[in-house]
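> sequence and predicted structure below; questions after.
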Amino acid sequence: MYARPGKILLSFLIVFSLVACSSSNEGVEKSPIYVNDLEIHDPWEEYNRDVFELNDALDEALLEPVARGYSNVMPDFAEDGVSNVLRNLRSPLDFSNQILQADFEGALETLTRTMINSSFGVLGFIDLAGDAGIEYEKEDFGQTLAVWGVGYGPYLVVPLYGPGSIRDHVATFAELTANPFRLYLFNVDYEEIYFSVMAIGLLDTRVQLLDVLADLKESSIDYYASVRSLYYQNREALISDMDDTRNSMPAIPDFD
C-alpha cells in the first residue's frame with residue numbers, strides 16, 4: 001500500500017514545524033529581512049539552514065547528477081515534450097485556481113489550451129496552443145490564497161521537499177489532496193502511474209533549474225539567503241502573472 005503524498009507532506013509540516021519552533025529561541029527574527037519591498041519572516045533560520053544543507057547535499061549526490069544525465073541524453077524536442085505533457089496534466093488545477101481567483105479569461109484560455117493540445121498535440125506533447133499564441137500560465141492554490149489576501153507566513157525548509165512559506169506548503173498539500181489526476185488513478189488502483197508522473201515531474205523541475213541553481217551557487221556569498229530571495233521573487237512574479245515559467249523556483253520536489 002503506497003503512502004499518500006499529501007499525508008507525507010502534511011506530516012513533514014507538522015513534525016518539522018514543531019521541531020523548528022522548539023529549536024528557535026524566541027520564534028522571531030532579530031532584524032527584518034527584505035526581498036525588494038517585501039518583508040519576509042524566517043524565524044527558524046538556524047533550523048532552516050541545517051535542513052537546507054541536508055537537502056543540498058542530497059541534491060548534489062543524487063538528483064543533480066541524474067538531472068544532468070537526463071538533460072544530456074534527451075533530445076531537446078523530447079525534453080520539451082515531457083514538460084508540455086506535465087503542464088497538460090496539471091491543467092485541471094490551473095483551471096480550478098483561475099476560477100477561484102475569478103480569472104475567467106485565463107480559465108477559458110487554459111480550457112482552450114487543454115482541448116487543443118490533448119486532441120491534436122499528442123496528449124500535450126506538442127504545444128500547438130502555445131504555437132498559436134495561447135501561452136501557458138501556471139496557477140496554483142498558493143497564488144489563489146494570495147489573491148484572497150492570505151499572507152505568506154513564516155518561511156520553512158522541509159526535509160527532502162524544499163523551501164517555501166507556510167501558506168504555500170499548506171496550499172501544496174491541498175492540491176495534492178484534491179488533484180483530479182491523483183484521485184482518478186488512486187480510485188482505479190493505478191497509484192504507480194501517479195508516482196511515476198511525480199518522479200518525472202521532479203526530474204523535469206530539476207532539469208529546468210540546473211543552470212539557475214548552478215549560477216546562483218557559484219555567484220552567491222550566502223547560497224541559503226540567495227535561494228530564499230529567489231523563492232520570494234518567483235512567488236511574487238507568479239502572483240503578479242509575470243512571465244516566469246521557465247526559470248521558476250518551485251519547492252523541490254514539485255509534486256504538481
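It's in. Numbering: from 1, shown residues only.
> and the helices in the stretch 151-256 of the chain, which stretches?
166-178, 180-187, 191-208, 210-219, 223-239 (DSSP state H, counting those that start in this stretch).
> looking at those, which is nearest to residue 63?
Nearest to residue 63, of all the helices of the stretch 151-256 of the chain, is helix 191-208, at 5.3 Å by C-beta to C-beta. For every residue, glycine as well, the C-beta is placed using N, CA and C.
> the helices of the stretch 151-256 of the chain: which one's closest to residue 151?
Using C-beta to C-beta, the nearest of the helices of the stretch 151-256 of the chain to residue 151 is helix 166-178, at 6.7 Å.
> helices or strands next to the closest one in the packing?
Counting contacts by 3 or more C-beta pairs under 8 Å, 6 or more residues apart in numbering; DSSP states H and E, helix 166-178 packs against helix 5-23, helix 141-147, strand 155-158.
> in its sheet, what does the last one sit against?
Strand 155-158 has these partner strands in its sheet, going by DSSP bridges: strand 162-165 (antiparallel).
> quick one: mean pLDDT over the partner strand.
Averaged over strand 162-165, pLDDT sits at 96.
> mind listing residues that contact it?
48, 52, 55, 142, 152-158, 172, 227-228, 231, 235, 250-253 (C-beta atoms under 8 Å, 6 or more residues apart in numbering).
> ok, now stretch 118-135?
With contacts defined as C-beta under 8 Å, 6+ apart, stretch 118-135 is touched by 80-82, 84-85, 87-89, 109, 112-114, 116-117, 136, 243.
> also stretch 65-75?
Contacts of stretch 65-75 (C-beta under 8 Å, 6+ apart): 79, 82, 203, 206-207, 210.
> buried residues of it, list them for me.
Neighbour counts over stretch 65-75 (16 or more other C-beta atoms under 10 Å) mark 67, 70-71 as buried.
> quick one: mean pLDDT for that stretch?
For stretch 65-75, the per-residue pLDDT averages 96.
> repeat for stretch 203-218
Mean pLDDT, stretch 203-218: 95.
> quick check: end-to-end length of that stretch?
From its first residue to its last, stretch 203-218 covers 22 Å (C-alpha to C-alpha, to the nearest Å).
> not counting sequence-adjacent ones, nearest residue to residue 86?
Distance criterion C-beta to C-beta, 6 or more residues apart in numbering; nearest residue to residue 86, sequence neighbours excluded, is residue 201 at 5.3 Å.
> repeat that for residue 82.
That would be residue 204: by C-beta to C-beta, 6+ apart, it lies 5.8 Å from residue 82.
> which residues touch that neighbour?
82-83, 86.
> measure it to residue 128 for me?
According to C-beta to C-beta, to the nearest Å, residue 204 and residue 128 sit 20 Å apart.
> residue 165 now?
For residue 165, the distance to residue 128 (C-beta to C-beta) stands at 35 Å.
> more neighbours: which of those two?
When residue 165 and residue 128 are compared on other C-beta atoms under 10 Å, the one with more neighbours turns out to be residue 165, at 25 against 17.
> what's opposite the more buried one in the beta bridge?
Beta-bridge pairing of residue 165, defined through DSSP bridges, involves residue 155.
> ok, residue 40 next?
Beta-bridge partners, per DSSP bridges, of residue 40: residue 33.
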